[in-house]
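Novice: sequence and predicted structure, then a few things I'm wondering about:
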Protein chains: 2
Amino acid sequence: MRQIESSTCFGGRQIRYRHDSETLNCTMSFGVYLPPAAEKNKVPFLIWLSGLTGRDNTFPFLAGAQRYAAERGIAIVTPDTSPRGEGVPDDPDGAYDFGLSAGFYLNATELPWQKNYHMYDYVVDEFSTLIVNELPIDSARQSIFGHSMGGHGAITIALKNPGRFRSVSAMAPICNPMDCPWGVKAFNNYLGPDRATWRQYDATKLVATSEERLPLLIDQGDEDEFLEEQLGLDELQSALSEYDYPATVRMRGGYDHGYYFVASFIGEHIDFHANYL
Amino acid sequence: MRQIESSTCFGGRQIRYRHDSETLNCTMSFGVYLPPAAEKNKVPFLIWLSGLTGRDNTFPFLAGAQRYAAERGIAIVTPDTSPRGEGVPDDPDGAYDFGLSAGFYLNATELPWQKNYHMYDYVVDEFSTLIVNELPIDSARQSIFGHSMGGHGAITIALKNPGRFRSVSAMAPICNPMDCPWGVKAFNNYLGPDRATWRQYDATKLVATSEERLPLLIDQGDEDEFLEEQLGLDELQSALSEYDYPATVRMRGGYDHGYYFVASFIGEHIDFHANYL
């Protein structure tokens, strides 16, 4: 991997790297914030997964998380939201909710997506191996969080990989993609019409079968324009309740779906994870 | 003025407005962050002026200032960096350092710029009158700050309007535009070749004649890629010293010119102004 940008930020370094991904068959960028504490020792880390329209540098630019990460001595790594580059297919209409910036953290099985769209394997295997090998971070102390489509990614990846993460949190996550327009469009295209294959990427369904009981925190704005049609929080809460999965879900009065919401509560999410890291 | 966006952020509101500007002969956008305290009373406010390539929403997105503004009960208003829209002329080569996003907070006298490029009058008169009339902010308690070209704008506007502001600060400001490539290009085009007319917009020159002795804070990264060729901090410091103008100038080890630098110290700048507001 090669460093393409680096800036001092709150006494640490916000760095951007590029590397060739075998999993995705393309070149990928990712970001990492290394707190000042990383100069001396390996530090615990958080994987942040961004939502639709996001990229690897969306969160570093917009969330204002570096201040909290510096204070807590935690690194934050930010992979991209989809494969990129020449030859990577996109939504034929250029829609924001599918294709580029909309990889949904799954492994596509359908043409023409299956050559590149393996964001699940990328995040869980290739990317995670790369960062642990190359950065001053401690693989035994990691947690995962994300926003919207990335909240879906964080919860599903945590549930499917018991023992790896210490905690998981999400801001305005897509909780039940099998039953919302964004998810149905993406899963139909990436996975084909057999809904049985969709369940492996649906947080609400995974709760039933997960061996994992991680500390789970969800923040949700009550003026989120996507809450009713797309996010499926009620369905996830029912499943959490049914399967006795402990979780903290907080409704935040007045907040919408955007990054001003994320920025307002990112400090509390980092504090939450710090308790377990 | 009409509201075009509004999001809850740190308990307050980040709002974007649009209005028709008589001064600039075009439609302009601007941002305001209103802290929670503004729901009950008029609050003191800061005018932030952005740098080259910035817009009215650059600072709200990237600086992470809302947290500090909420804590301190201070509003932050963010005008655009240039006139915009159909018919507003731009750099013929589309360069980033002149024309759109590069109004330099001056009143152009030369064709074809003089019809629209009156950012000095816009910020000092039309915009300031509008926000004080329409927003819950207290005109008796205002200060001004900015970054790079906007640091130049903040210092020159403060020096030229004694009595209006309580304090001024800048991050990596252009201090001596008459003698740097960015400034020479802009002033030649906007003001014509007579350098005598340039002095009214040069902070280093204005220190000699200013009646104002405002609290002044400057932060500067020592790895700023523009420091040597463009910013002229040494020249300003010499003038401040020669004319006994008290100022705090802090060199920040390792920081570059970008928004990760701004974000790292914006809290300290807001604290600085809060002492006087």
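Specialist: Looks like it came in fine. Numbering: from 1, shown residues only, chains lettered A, B, ... in the order given.
Novice: so which elements touch the longest helix anywhere in chain A?
Specialist: Looking across chain A with DSSP state H, the single longest helix is helix A:259-274. Contacts defined by 3 or more Cβ pairs under 8 Å, 6 or more residues apart in numbering or on different chains; DSSP states H and E place helix A:259-274 against helix A:58-62, helix A:66-72, strand A:137-147, strand A:168-171, strand A:216-221, strand A:248-252, strand B:2-9, helix B:66-72. Yep, even glycine has a C-beta here, placed from its N, CA and C like the rest.
Novice: pLDDT score for the residue lying closest to residue A:197 once chain neighbours are set aside?
Specialist: Nearest non-adjacent residue to residue A:197, counting by Cβ to Cβ, 6 or more residues apart in numbering or on different chains: residue A:191, 4.9 Å away. Looking at residue A:191, its pLDDT is 98.
Novice: what does the stretch 101-250 of chain A put close to chain B?
Specialist: Residues of the stretch 101-250 of chain A that fall close to chain B, judged by Cβ under 8 Å from any Cβ of the partner chain: A:221, A:223.
Novice: which single residue of the stretch 51-200 of chain A ends up nearest chain B?
Specialist: residue A:64 (3.2 Å; Cβ to the nearest Cβ).
Novice: neighbours around that residue, how many?
Specialist: Neighbours of residue A:64 under the rule other Cβ atoms under 10 Å in any protein chain shown: 26.
Novice: and the helices in chain A?
Specialist: For chain A, the helices defined by DSSP H occupy A:58-62, A:66-72, A:119-121, A:128-134, A:149-160, A:181-191, A:203-209, A:233-242, A:259-274.
Novice: now those as a markdown table including mean neighbour count?
Specialist: Shown next, in a markdown table, are those (neighbours: other Cβ atoms under 10 Å in any protein chain shown):
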| stretch | mean neighbour count |
| --- | --- |
| helix A:58-62 | 23 |
| helix A:66-72 | 21 |
| helix A:119-121 | 21 |
| helix A:128-134 | 16 |
| helix A:149-160 | 28 |
| helix A:181-191 | 20 |
| helix A:203-209 | 20 |
| helix A:233-242 | 17 |
| helix A:259-274 | 22 |
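Novice: now the ones you listed in a markdown table, with distance to residue B:172?
Specialist: Listed next are the helices of chain A as a markdown table, based on distance: least, Cβ to Cβ, whole Å:
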| stretch | distance to residue B:172 |
| --- | --- |
| helix A:58-62 | 18 |
| helix A:66-72 | 18 |
| helix A:119-121 | 38 |
| helix A:128-134 | 31 |
| helix A:149-160 | 32 |
| helix A:181-191 | 41 |
| helix A:203-209 | 44 |
| helix A:233-242 | 43 |
| helix A:259-274 | 23 |
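Novice: on that earlier part again, in TSV, list the helices and strands packed on helix A:259-274 along with mean pLDDT and distance to residue B:34.
Specialist: Shown next, in TSV, are these (pLDDT from 0 to 100; distance: least, Cβ to Cβ, whole Å):
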stretch	mean pLDDT	distance to residue B:34
helix A:58-62	98	20
helix A:66-72	98	22
strand A:137-147	98	24
strand A:168-171	98	23
strand A:216-221	98	18
strand A:248-252	98	18
strand B:2-9	98	9
helix B:66-72	98	9
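Novice: the ones you listed: which one's closest to residue A:26?
Specialist: With respect to residue A:26, and counting by Cβ to Cβ, the nearest of the helices and strands packed on helix A:259-274 is helix A:58-62 at 18.6 Å.
Novice: what sits against residue A:73?
Specialist: The contact partners of residue A:73, taken as Cβ atoms under 8 Å, 6 or more residues apart in numbering or on different chains, are A:35, A:36, A:37, A:38, A:43, A:44.
Novice: same list (the residues you listed) but as a markdown table, adding neighbour count.
Specialist: Output for those, formatted as a markdown table (neighbours: other Cβ under 10 Å):
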| residue | neighbour count |
| --- | --- |
| A:35 | 24 |
| A:36 | 16 |
| A:37 | 20 |
| A:38 | 23 |
| A:43 | 23 |
| A:44 | 22 |
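Novice: for those, which one is nearest residue B:70?
Specialist: The nearest one, if we look at the contacts of residue A:73 relative to residue B:70 and count by Cβ to Cβ, is residue A:35, at 24.0 Å.
Novice: so what's that closest one scoring on pLDDT?
Specialist: The confidence metric pLDDT takes the value 98 at residue A:35.
Novice: before we move on, what about residue A:213?
Specialist: pLDDT, residue A:213: 89.
Novice: coming back round to it: tabulate the contacts of residue A:73 in TSV, adding columns for distance to residue B:164.
Specialist: What follows is these, written out as TSV (distance: Cβ to Cβ, whole Å):
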residue	distance to residue B:164
A:35	40
A:36	39
A:37	44
A:38	45
A:43	47
A:44	49
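Novice: what's the closest of the residues you listed to chain B?
Specialist: Looking across the contacts of residue A:73 and measuring by Cβ to the nearest Cβ, the closest to chain B is residue A:36, at 10.6 Å.
Novice: what's the nearest residue to that closest one if we skip its chain neighbours?
Specialist: Closest to residue A:36 by Cβ to Cβ, 6+ apart is residue A:11, at 4.3 Å.
Novice: any chance you could list what contacts the helix or strand of chain A with the lowest mean pLDDT?
Specialist: Of all helical and strand segments in chain A, the minimum by mean pLDDT, DSSP states H and E falls on helix A:203-209, at a mean of 95. Contacts with helix A:203-209, where a contact means Cβ under 8 Å, 6+ apart, come from A:152, A:155-156, A:159-160, A:173, A:175-178, A:199-200, A:232, A:235-236, A:238-240, A:242-243, A:245.
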